[in-house]
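> next input, structure requested:
(one chain, ligands or ions: 1)
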Amino acid sequence: MALEMRVLQSDEWDVWYDHLELAFGGVPESPQERELYESLTEPGRSLGVWDGGACVGSAGAFSFRLSVPGGALVPAAGVTMVGVAPTHRRRGVLTSMMRRQLDDIRAGGEPIAVLTASEAAIYGRFGYGIATYALSLTVDTTRVRLAVPPGTDEVRLRLADPQKSLPECEQVYAELVARRPGMPARQPGWERLSLLDPEAMREGASPLKCVVAERADGEIAGYARYRVKPVYEHGWEGKVEVADLDALDPAATAALWRYLFGIDLTATVRAGRRPVDDPLLHLVSDVRRSRPSVRDSLHLRLVDLPAALEARSYGAPLDVVMEVEDAFCPWNEGRWRLVRDAQGAVGCTRTADPADLELSVRDLGAAYLGGTTLTSLAAAGRVRELRPGTLAEASRAFASDVAPWLPHGF
Ligand SMILES: CC(=O)SCCNC(=O)CCNC(=O)[C@H](O)C(C)(C)COP(=O)(O)OP(=O)(O)OC[C@H]1O[C@@H](n2cnc3c(N)ncnc32)[C@H](O)[C@@H]1OP(=O)(O)O
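Below you'll find the predicted structure:
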């Protein structure tokens, strides 16, 4: 029987999601998680592939707005819930869904698409590049000390109910979105993701706790959400699992980390999905015993290349012609002139002038948020400089002073 791909109807969601769970191995999600993701699913932009009555393929998209260098929010399709039934793998089902989805995203006018990949090797062939990395730290807090900046002692910490303190914590999040590229501005319903706390997610740890940091005037300056996992071996050696830590100034940042490091009966603080330039790296007395590790996080694709490049700002004047390869979305293929003038105005237009740089859309996606430099891509042979001097100029202009960061999965 021929496979049929069609847009999801709301009443098909359960079958569609059961299929997705199976594609990921078949362990059922908690009812809380399932309910949340059902409420966040946008059926009109979710695809199902059907073999008779059986769902064998799924791909969804969320309507995000993502911060980019300069602070603008760019409409971005958040590609999600991708799965192909184990019986139907390696027959091109994913490829057909990616084709349809990118065509739909283009028609809908979102200049970029983003995703987090279950396996880092899947999406490069569809033009996605790795635009952000995530830092994980596992700190031995029996050995590692914090050097806190002046003002830390003036920060007041208050334990708060995660649900009740959500509105004030969301204010902090919203302020950070404008400061750091790669962050999705909160869309209605997404704030609930931070509070998701089913027993199954705790792995023996406590329910989610929240500590709020306030300045002397009572203004909120940050918060951390965390769980404590009791461990007793030769004495108490519990683990503090940090879910979120967002703060607006150095004193609040240090006060929150100091609090987490100092929780009695614990010996480890573990924080995953942190920015790669997390200030914690500079607060700790021993970075090695903080066991940093890095992995790919947000994969990004330019869907409408000129609109995407014009939507961000650049750190220096620039006039560069790029020869871009994009076999999967050929409307982006060819030669583009990107100009950022002395006043900061940006234009990206087609040109017949000789190219200065040559690269694939995937590598342009990797560099788009300013975290991966064009120079580092060139060192790997992925960007080729055709006119001397243009690589350094473009690399400086694209780079972001603040590392791009995706604070949560989707
Ligand atoms: C954004 C997200 O939701 S990420 C979640 C992705 N989903 C999962 O990981 C769930 C488990 N895996 C699956 O459901 C499937 O194996 C998928 C979705 C990864 C791939 O689906 P398929 O229909 O088998 O892919 P398809 O047949 O279109 O393969 C296209 C190409 O990608 C390659 N490919 C497919 N899966 C992988 C993988 N996991 N790693 C590397 N390459 C892969 C194929 O070999 C093929 O390469 P080719 O064109 O050179 O022959």
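
> spatially nearest residue to V27, not counting backbone neighbours?
With CB to CB, 6 or more residues apart in numbering as the measure, E21 is the residue that lies nearest to V27, at 7.3 Å, once sequence neighbours are left out. Backbone N, C-alpha and C define where each C-beta goes, glycine included.

> tell me how many other residues crowd whatever residue of the stretch 151-300 of the chain ends up closest to the ligand.
With distances taken as CB to the nearest ligand atom, the stretch 151-300 of the chain approaches the ligand most closely at H299, which sits 8.0 Å away. Residues within reach of H299, counting by other CB atoms under 10 Å, total 26.

> beta partners for it?
Under DSSP bridges, the beta-bridge partners of H299 are L115, I130.

> per-residue pLDDT of it, please?
Among the per-residue scores, H299 shows a pLDDT of 98.

> who touches V276 in this structure?
Taking CB atoms under 8 Å, 6 or more residues apart in numbering as the contact definition, V276 lies against 133-135, 294, 371, 403, 405.

> closest one of those to G57?
When the contacts of V276 are compared for distance to G57 (CB to CB), A134 comes out closest, at 28.0 Å.

> chain neighbours aside, what residue packs nearest to the closest one?
Using CB to CB, 6+ apart and skipping residues adjacent in sequence, the residue nearest A134 is S297, 4.0 Å away.

> can you check M5 too?
V49 (4.9 Å).

> over to L302?
Beyond its immediate neighbours in the sequence, the residue positioned closest to L302 (CB to CB, 6+ apart) is A308, lying 4.5 Å away.

> ok, residues contacting the helix or strand where that neighbour lies?
Taking DSSP states H and E as the definition, A308 sits inside helix 305-311. Contact partners of helix 305-311, identified using CB under 8 Å, 6+ apart, comprise 68, 72, 74, 111-112, 302, 324, 326, 332, 336, 338, 346-350, 361, 364, 368.

> how far does the strand ranked longest in the chain sit from the chain's center?
Looking only at the chain and at elements set by DSSP state E, the strand with the highest residue count is strand 54-67. The chain centroid and the centroid of strand 54-67 are separated by 15 Å under CA atoms, centre = their mean, to the nearest Å.

> show me the contacts for the residue in the stretch 301-410 of the chain positioned nearest to the ligand.
Proximity of the stretch 301-410 of the chain to the ligand (CB to the nearest ligand atom) peaks at F410, 8.6 Å away. Contacts for F410 were tallied using CB under 8 Å, 6+ apart; they are 62, 64, 78, 80, 116, 184, 193.

> A76 now?
Residues touching A76, when contacts are defined by CB under 8 Å, 6+ apart, comprise 64-66, 110-114, 184.

> pLDDT, neighbour count and distance to L3 for those - can I get that in a markdown table?
Compiled in a markdown table, these are given as follows (pLDDT from 0 to 100; neighbours: other CB atoms under 10 Å; distance: CB to CB, whole Å):
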| residue | pLDDT | neighbour count | distance to L3 |
| --- | --- | --- | --- |
| F64 | 98 | 22 | 29 |
| R65 | 98 | 18 | 33 |
| L66 | 98 | 28 | 32 |
| E110 | 98 | 24 | 26 |
| P111 | 98 | 24 | 30 |
| I112 | 99 | 26 | 29 |
| A113 | 99 | 28 | 23 |
| V114 | 99 | 29 | 27 |
| P184 | 98 | 21 | 32 |
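
> out of those, which touch the ligand?
With the criterion set as CB under 6 Å from any ligand atom, no member of those is near the ligand.

> for stretch 313-329, give the mean pLDDT please.
Across stretch 313-329, the per-residue pLDDT values average to 98.

> put the buried members of the contacts of helix 305-311 into a ChimeraX selection.
When burial is assessed using 16 or more other CB atoms under 10 Å, the buried subset of the contacts of helix 305-311 is captured in ChimeraX by this command:
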select :68,74,111,112,302,324,326,332,336,338,346,348,361,364,368
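
> take the contacts of helix 305-311 and keep only those in helices.
With DSSP state H as the criterion, helices contain 361, 364 from among the contacts of helix 305-311.

> narrow the contacts of helix 305-311 to those in strands?
Using DSSP E, the contacts of helix 305-311 in strands are 74, 112, 302, 324, 336, 338, 346-350.

> and of those residues, the nearest to R45?
Using CB to CB, the shortest approach to R45 within the ones in strands among the contacts of helix 305-311 belongs to I112, at 15.0 Å.

> pLDDT at M1, what is it?
72.

> distance of the residue lying closest to it once chain neighbours are set aside relative to the ligand?
Nearest-residue entry for M1: G52, 5.4 Å, with adjacent residues in sequence omitted and distances by CB to CB, 6+ apart. Distance, G52 to the ligand, by CB to the nearest ligand atom, to the nearest Å: 18 Å.
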